[in-house]
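# pasting a predicted model and its sequence here:
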Amino acid sequence: MASKPYTVRWGILATGGIAQTFTRDLLTNPAVRNVHDVQHIVAAAASSSSASRASAFLKEVQAPSTAKAYGSYAELVKDPDVDVIYVATPHSHHFQNTMLCLEAGKHVLCEKAFTVNAAQAKKLVETAKAKNLFLMEAVWTRYFPLSIKIRELVTSGAIGKVHRVFSDLSFGEATEDGGLTFSDDHRMVNKDLAGGALLDLGIYSLTWVFQILYHCQPTPREAPRVLAAMNKYKTDADEMTSMILQWKENQSMGIATTNMRVATQPDGMGSHTSGPAVRIQGTKGEIQVMGPIFRPTHFRVIKAGQRGEVEEVPCPIPRDTERQGEKGHETEGWGHGMFWEADEVARCLRDGKLQSETLGWDESILIMETMDEVRKQGDLTYPELIETTVYDPKSPLNGKA
Ligand SMILES: NC(=O)C1=CN([C@@H]2O[C@H](COP(=O)(O)OP(=O)(O)OC[C@H]3O[C@@H](n4cnc5c(N)ncnc54)[C@H](OP(=O)(O)O)[C@@H]3O)[C@@H](O)[C@H]2O)C=CC1
Ligand SMILES: O=C1OC[C@@H](O)[C@H](O)[C@H]1O
């Protein structure tokens, strides 16, 4: 007889856009994605504004009536019925909010970008280690079966030695008057919220470069040298950033770009007309991933010198048709692809692991170090309140006590 699935009780910290998408994925039936060993419970949610906002959130996502609504993050982290907290605030808040959770003894899954800088990421890791708690950066794309398959193809040598990866995540947000579609206080461009293309979108371009050219290396892995350029928006956040990562010993290079004026997929996300958004180039062939690269559902394998021989590999995201409606008016059921990272968290907790092998602490820190260097070369700094490595439970970033 199959054993009972391991159950994880989640607390949701913040009630914005991605908190809603993630929580809805938690509420889908794991069997729909052929998962039978773990399952998820939405135990509580907290809003920094009010308990009524948290209640409204739980209603919007159709959480069970048992889920508790809190009007502060401080109350959520004290809930004994919560095992792990999903931190879904803007980048600026991740360090203080994650520390709040860890200090209260909670495991954490923290949205990308992990923190504002590498020093903050190191402090989170030290704290998790010292307190024997699980901690993971929520780079959900890494847990897609598509990503897993591609990493397997690369490590098995299916396209030979990989020498180069191109990767782009860009949104066409330019307006007629020379601005961007975002208001100046929007988290995408607001420096108080650690806005900018790099931390929000460039992290995915880097994810593809790293998960192939770094993660697929045998250990000990070589770290890259970084060359970068940035153009700034009127808010002084970066609106376009280009990076070259060089692995000299490993004879490889990654070119990672992000832009908020021109799009990777100008005719709309999900369209393949514009060609691949990621190209993984090896001596025996190439893997091309169609965008958007944060939520890819299709890749192709082209073998070198074999004209016309292209293997198309669709990887659709399973939908739970028992769950319907709301958010983007989903009529074909729920399922965004965030459940796979949640399953990883559950398995790590079940197995007593403090970090995920797919995106371990060292790699998250190295990526933050890479982004620190890119920011240094692009002369992008953020306010001290959000760059600090001093934990303050009473920081305004932690909301009400
Ligand atoms: N994995 C993915 O695909 C995606 C990840 N993200 C990441 O998730 C995080 C949140 O993004 P998103 O949900 O789009 O952002 P939203 O602006 O929609 O939501 C952020 C939430 O954070 C809370 N918050 C607390 N303080 C502030 C503040 N000063 N300003 C704004 N919000 C505040 C609010 O919830 P409350 O007041 O109720 O606590 C708010 O609803 C970011 O790190 C982003 O990079 C975003 C989109 C997609
Ligand atoms: O993580 C993300 O992925 C999707 C984008 O729309 C969003 O801006 C970003 O935060």
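Alright, I've got the coordinates. Ligands and ions are numbered 1, 2, ... in the order given.
# going forward, measure contacts between C-alpha atoms and count neighbours the same way
Noted.
# contact partners for residue 143?
For residue 143, the contact set (CA atoms under 8 Å, 6 or more residues apart in numbering) comprises 340-341, 344, 358.
# and those residues as JSON lines, adding pLDDT and secondary structure?
As requested, the contacts of residue 143 are arranged in JSON lines below (pLDDT from 0 to 100; DSSP: H, G, I helix; E, B strand; the rest coil):
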{"residue": "340", "pLDDT": "98", "secondary structure": "helix"}
{"residue": "341", "pLDDT": "98", "secondary structure": "helix"}
{"residue": "344", "pLDDT": "99", "secondary structure": "helix"}
{"residue": "358", "pLDDT": "98", "secondary structure": "coil"}
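# can you map out the helices along the stretch 151-300 of the chain?
197, 203-213 (DSSP state H, counting those that start in this stretch).
# avg pLDDT for the shortest one?
This points to helix 197. The pLDDT scores in helix 197 average 98.
# how about stretch 17-33?
pLDDT averaged over stretch 17-33 gives 98.
# from the chain's centre, how far out does it sit?
How far stretch 17-33 lies from its chain's middle: 15 Å, per CA atoms, centre = their mean, to the nearest Å.
# send me that stretch as CSV with only the CA atoms.
In CSV, the C-alpha atoms belonging to stretch 17-33 read as follows (Å, rounded to 0.1, in the frame of the first residue of the first chain):
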residue,chain,number,x,y,z
GLY,A,17,0.1,39.3,-7.3
ILE,A,18,2.5,36.5,-7.0
ALA,A,19,1.3,35.5,-3.5
GLN,A,20,-2.1,34.9,-5.1
THR,A,21,-0.6,32.8,-8.0
PHE,A,22,1.6,30.7,-5.8
THR,A,23,-1.2,30.1,-3.2
ARG,A,24,-3.6,29.0,-5.9
ASP,A,25,-1.0,26.5,-7.2
LEU,A,26,-0.6,25.2,-3.6
LEU,A,27,-4.4,24.5,-3.7
THR,A,28,-4.3,22.4,-6.9
ASN,A,29,-4.5,18.6,-6.6
PRO,A,30,-0.9,17.2,-6.8
ALA,A,31,-2.2,14.0,-8.5
VAL,A,32,-2.9,16.2,-11.6
ARG,A,33,0.9,16.6,-12.0
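# how about it and ligand 1, touching?
Yes. Using CA under 6 Å from any ligand atom, stretch 17-33 comes into contact with ligand 1 via 17-19.
# next one: stretch 254-273
No. Stretch 254-273 does not reach ligand 1 (CA under 6 Å from any ligand atom); its nearest approach is 13.5 Å.
# repeat that for stretch 203-222.
No. On the criterion CA under 6 Å from any ligand atom, stretch 203-222 is out of touch with ligand 1, staying 9.2 Å away.
# what sits up against that stretch?
With contact meaning CA under 8 Å, 6+ apart, stretch 203-222 is reached by 112-113, 142, 151, 154-155, 162, 164-169, 223, 247, 249-250, 252-258, 278, 280, 293-294, 367.
# show me what from this structure comes close to ligand 2.
Looking at ligand 2, the residues of the chain close enough under CA under 6 Å from any ligand atom are 200-201, 294.
# please indicate which of those residues has the highest neighbour count?
residue 201 (24 neighbours; other CA atoms under 10 Å).
# just give the nearest non-adjacent residue to the residue of the stretch 51-200 of the chain found nearest ligand 2, would you?
Closest residue of the stretch 51-200 of the chain to ligand 2, CA to the nearest ligand atom: residue 200 (5.0 Å). Using CA to CA, 6 or more residues apart in numbering and skipping residues adjacent in sequence, the residue nearest residue 200 is residue 113, 6.6 Å away.
# ok, now which ones touch the one you found?
91, 137, 199-200, 203.
# closest to residue 35 out of the residues you listed?
Residue 35 has its nearest neighbour among the contacts of residue 113 in residue 137, at 21.8 Å by CA to CA.
# ok, longest helix in the chain?
helix 361-378 (DSSP state H).
# and the angle for it with helix 203-213?
130 degrees (axes from the mean of the first three to the mean of the last three CA atoms, to 10 degrees).
# report the buried residues of the following helix or strand past helix 361-378.
Toward the C-terminus, helix 361-378 is succeeded by helix 384-387 as the next helix or strand (DSSP states H and E). Under the neighbour-count criterion of 16 or more other CA atoms under 10 Å, helix 384-387 has 386-387 buried.
# ok, now stretch 373-393?
Per 16+ other CA under 10 Å, stretch 373-393 contains these buried residues: 373-375, 378, 380, 382, 386-389, 391, 393.
# quick one, what contacts residue 234?
Counting by CA under 8 Å, 6+ apart, residue 234 has no contacts.
# repeat for residue 89
Residue 89 neighbours (CA under 8 Å, 6+ apart): 13-14, 16, 111.
# spatially nearest residue to residue 350 (excluding sequence neighbours)?
In space, and not counting its chain neighbours, residue 350 is closest to residue 6: 6.7 Å by CA to CA, 6+ apart.
# how many residues are close by the one you found?
With other CA under 10 Å as criterion, residue 6 counts 14.
# roughly how far apart are it and residue 81?
Distance of residue 6 to residue 81, computed by CA to CA, to the nearest Å: 15 Å.
# per-domain residue ranges of the protein.
Residue ranges for the domains of the chain, per automatic domain parsing: 6-141+385-398, 145-316.
# tell me the most buried of those?
Of all those, domain 6-141+385-398 carries the top mean neighbour count, a mean of 21, counting by mean count of other CA atoms under 10 Å.
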